[in-house]
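In: structure for the following, please:
(one chain, ligands or ions: 1)
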Amino acid sequence: MSAIGVLALQGDFREHVEVLERLGVEAREVRQPRDLEGVGGLIIPGGESTTIGRLAVKYDLVEPIKEMIAEGRPVWGTCAGLIFLARDIGGYEQPLLGVLDVEVERNAFGRQVDSFEIDLEVPDLAEVSEPEETGRPFHAVFIRAPIVKAVGPKVRVLARLPDGTIVAVRQEHLLGTAFHPELTDDTRFHRYFLRMCRVSASV
Ligand code: GLN
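Out: Just a heads-up that it's a prediction; the model follows:
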């Protein structure tokens, strides 16, 4: 399959590159518009969403990323990447792609619960699970994470916390996770995204 881009402006992009390489997929670090040429999909990593947004503006990447989305190429945002994809993030003034029809709250767990890990039920991962992985919860790492407070009609909820809080969503070829699959050994979310990329390449 074609190379998968990883937005490499700030944040934990190297971890995503490593997972892709472990899965035998060519990963391309994206820092300027021409890096997007020919990629089969793009991952926007976790980090600091204001910084990622400002750098994306500075390097003229906002419109080219929106164009690739309009062409149907998949994009997955993890944590800060989810924030950057969102349509609405409340009162913050920062550049957004605004393509994912969700309302997100940044740093939703506050200072007391900065980071935590929890097992999540993610039924969609069955599509990419090996027999020994079937039914296994996904161990999710949250770091100063956002939550999804509301979703538009085209958005499907993929995972919730036990209290019902939405932490993973999909809208057609857009994927958003409030947590960091690239920081665990479980590659099912990456395989799920690669499957989205293969499907979009074949239509
Ligand atoms: N708190 C960060 C933000 O609001 C996101 C944290 C992360 O990506 N791990 O941008």
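
In: could you find the closest non-adjacent residue to E29?
Out: A8 (3.7 Å; CB to CB, 6 or more residues apart in numbering). In short, each C-beta sits where N, CA and C put it, glycine included.

In: same question, A150
Out: Using CB to CB, 6+ apart and skipping residues adjacent in sequence, the residue nearest A150 is E103, 4.2 Å away.

In: just say helix, strand or coil for the one you found.
Out: Following DSSP: H, G, I helix; E, B strand; the rest coil, E103 is assigned to strand.

In: and it, what pLDDT?
Out: E103 is assigned 98 on the pLDDT scale.

In: beta partners of it?
Out: When bridges are called by DSSP bridges, E103 pairs up with D88, A150.

In: residues touching it, list them.
Out: E103 makes contacts with 86-90, 148-151, as judged by CB atoms under 8 Å, 6 or more residues apart in numbering.

In: quick check: H139 vs T184, distance?
Out: According to CB to CB, to the nearest Å, H139 and T184 sit 6 Å apart.

In: residues in contact with the helix or strand that contains A201?
Out: Using DSSP states H and E, A201 falls within helix 188-202. By CB under 8 Å, 6+ apart, the surrounding residues in contact with helix 188-202 are 1-2, 4, 16, 19-20, 23, 25, 40-41, 43, 72-74, 76, 122, 124-125, 127-129, 133, 138, 173, 175, 177, 181-182.

In: out of those, which sit inside strands?
Out: 4, 43, 76, 138, 175, 177 (DSSP state E).

In: and those as CSV, adding distance to the ligand and neighbour count?
Out: Formatted as CSV, the ones in strands among the contacts of helix 188-202 follow (distance: CB to the nearest ligand atom, whole Å; neighbours: other CB atoms under 10 Å):
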residue, distance to the ligand, neighbour count
I4, 19, 25
I43, 13, 27
W76, 13, 29
F138, 17, 21
L175, 15, 26
T177, 10, 29
